[in-house]
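> Please find the sequence and the predicted model below.
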2 protein chains.
Amino acid sequence: MLKLSRLTDYAAVVMAQIARQPQASHAAADLAEAVQLPHPTVSKTLKMLVKADLLTSQRGAQGGYRLARPASHITAADIISAIEGPVAMTECSQAEGDCELVATCGVADNWQRVSLAIRTLLESVTLAHLADTTPIKLPVQLPIQSISLSAVTA
Amino acid sequence: MLKLSRLTDYAAVVMAQIARQPQASHAAADLAEAVQLPHPTVSKTLKMLVKADLLTSQRGAQGGYRLARPASHITAADIISAIEGPVAMTECSQAEGDCELVATCGVADNWQRVSLAIRTLLESVTLAHLADTTPIKLPVQLPIQSISLSAVTA
DNA sequence: TAATTGGGGACCATTTTAGTCCTGTATAAA
DNA sequence: TTTATACAGGACTAAAATGGTCCCCAATTA
């Protein structure tokens, strides 16, 4: 399925919610209410986002969460890595790459290219895009087909 | 992590192995030996690939597996869906889309666009690409950055 | 008929995930 | 200074997904 974890999904929704009122401080309880998700879970998600430096937090009364930087400078890849760790399709797509089967694998190189292409794509999508409820739609089919695997430089 | 399951990884490796000798019939045991993975696991993977019509099988002595069609007509998306089900980043990226939170979500549309872009990317990568051990490398950084989210038509 | 090879599914162990809760600490307002 | 607010950190549990194995059956060929 190549699916995001549910928490990552929550994170995106919550981040978008915050992004729509960037000046305000957002308490976890308010956010949970706004997005209709259980408070503890939202809270957990927020903590992870703070740890990843995507949000800043302020304790105490009138405290809450704010974006650590403008929504246009936070990417989908940032959000995903904050919750799930680095975006990589396979074990060996990660830096370490200590896969024992490299010798017999034969596809490692190319999976890494694909992985990189996806990461690049996710880095090109910003929170500002995600939070935008009226996205631009171009009528033409996209040129992504033309991006051959071989064009992705390692 | 947006990671492929390990079985999917195996599937890709095994498919690539078969693709390198498309005329021959490949017994599960031989493939397992070639890629250095346990026979039962490889076998399970192969069964899934047959079910997804990516491989054909032949029982009996001298039987085994063959590609159901040329490697250039089998995509990475095909292989992934064969093992993990349809490529979709979020629950609501799938056809049904019965997410109860759509009202408060606010990012569904755009996640679907991202999801589609990734799917398209994975459909553009063929088994022939994956199996190629000497991939072409272009020296220039790819133009993927230029593909804005808004360019992805739903 | 015997040997080979895949088909189908049950089954189990392990890991991951989601979700909750508790205790502590910083902050602000009264 | 006190009190209420709100986040920090982490322990803990339940449920689900995953990986992996195994067994018995069906088809094919020599």
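Noted; the coordinates are in hand.

> low-scoring stretches of chain A, by residue?
A:93-98, A:134-154 (pLDDT under 70).

> where along it do the strands fall?
Ranges of strands within chain A are A:55-58, A:64-67, based on DSSP state E.

> Mean neighbour count, these: which tops it?
The highest mean neighbour count among the strands of chain A, using mean count of other C-beta atoms under 10 Å in any protein chain shown, belongs to strand A:64-67: a mean of 20. The way it works is simple: take the backbone N, C-alpha and C, and place the C-beta from them, glycine included.

> Now look at that strand and say if it contacts DNA strand C.
No: counting by C-beta under 7 Å from any atom of the strand, DNA strand C has no neighbours in strand A:64-67; the shortest distance is 10.5 Å.

> Do any residues in that strand lie close to chain B?
No: residues of strand A:64-67 contacting chain B under C-beta under 8 Å from any C-beta of the partner chain: none, with a closest distance of 15.1 Å.

> what comes into contact with that strand?
A:15, A:18-19, A:22, A:24-28, A:30-31, A:46, A:49-50, A:54-58, A:74, A:127 (C-beta atoms under 8 Å, 6 or more residues apart in numbering or on different chains).

> switch the cut-off to 10 Å
By C-beta atoms under 10 Å, 6 or more residues apart in numbering or on different chains, the residues outside strand A:64-67 that reach it are A:14-15, A:18-19, A:21-31, A:46-47, A:49-50, A:54-58, A:73-74, A:127.

> Ok, which of the strands of chain A comes nearest residue A:107?
Residue A:107 lies closest to strand A:55-58 among those, at 37.7 Å (C-beta to C-beta).

> Can you name the residues of chain A sitting close to DNA strand D?
So far as C-beta under 7 Å from any atom of the strand goes, chain A lies against DNA strand D at A:1, A:26-29, A:43-44, A:46-47, A:50-51, A:57-65.

> count of residues packed around residue A:50?
The local packing of residue A:50 (other C-beta atoms under 10 Å in any protein chain shown) involves 15 other residues.
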